[in-house]
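Enquirer: the following block contains a protein sequence and its predicted model.
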Amino acid sequence: MGRVRTKTVKKASRVLIEKYYPRLTLDFQTNKRIVDEVAILQSKRLRNKIAGFTTHLMKRISRGPVRGISFKLQEEERERRDNFVPEFSALDTSAIEIDPDTEVSTVYLDIYLLPEKAEREKKRSSCGWCMLPPGAGWIF
């Protein structure tokens with residue numbers, strides 16, 4: 001069965017992480033000594049509980065942001081990710097191929113979405129009667 005973590009342990013761990021994040025590690029023994037230095041605690045048992053939960057939160061923080069904990073490094077990382085602009089777009093419009101019928105339809109509708117168009121060779125369909133002569137477009 002799992003152990004119950006009281007509000008005192010959770011709150012103390014969150015405050016410790018916000019204030020002393022650069023000093024804390026993913027190791028329980030190290031965190032136990034840091035908690036002993038920076039906090040005035042009643043018992044060894046409470047110190048160990050706080051150090052254990054702090055270690056648990058540090059491991060969660062290493063995987064991603066944790067709700068309820070806000071410290072400068074995490075905020076800077078989030079802002080850096082939000083302000084990131086890629087050097088080249090993931091949507092490369094130069095490689096999109098358009099058949100002539102689609103191009104005629106887009107021109108007729110005044111849609112000019114692609115600055116550079118690479119036209120595909122016009123393919124014959126299986127039925128010859130549904131193809132328009134070259135250069136002709138659908139008239140709506």
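Expert: Arrived safely. Numbering: from 1, shown residues only.

Enquirer: what's near enough to touch D110?
Expert: By C-beta atoms under 8 Å, 6 or more residues apart in numbering, no residues touch D110. (Glycine included, C-beta is placed from N, CA and C.)

Enquirer: phi first, then psi, for it.
Expert: phi 60, psi 40 (degrees, to the nearest 10).

Enquirer: distance of E77 from L24?
Expert: According to C-beta to C-beta, to the nearest Å, E77 stands 16 Å off from L24.

Enquirer: of the two, who's got more company?
Expert: L24 (21 against 11; other C-beta atoms under 10 Å).

Enquirer: check contacts around that one.
Expert: Here L24 is in contact with 16-17, 30-31, 34, 54, 58 (C-beta under 8 Å, 6+ apart).

Enquirer: among those, which pair sits farthest apart?
Expert: I17 and T30 (13.9 Å; C-beta to C-beta).

Enquirer: when the two are compared, which one has more neighbours?
Expert: I17 (22 against 14).
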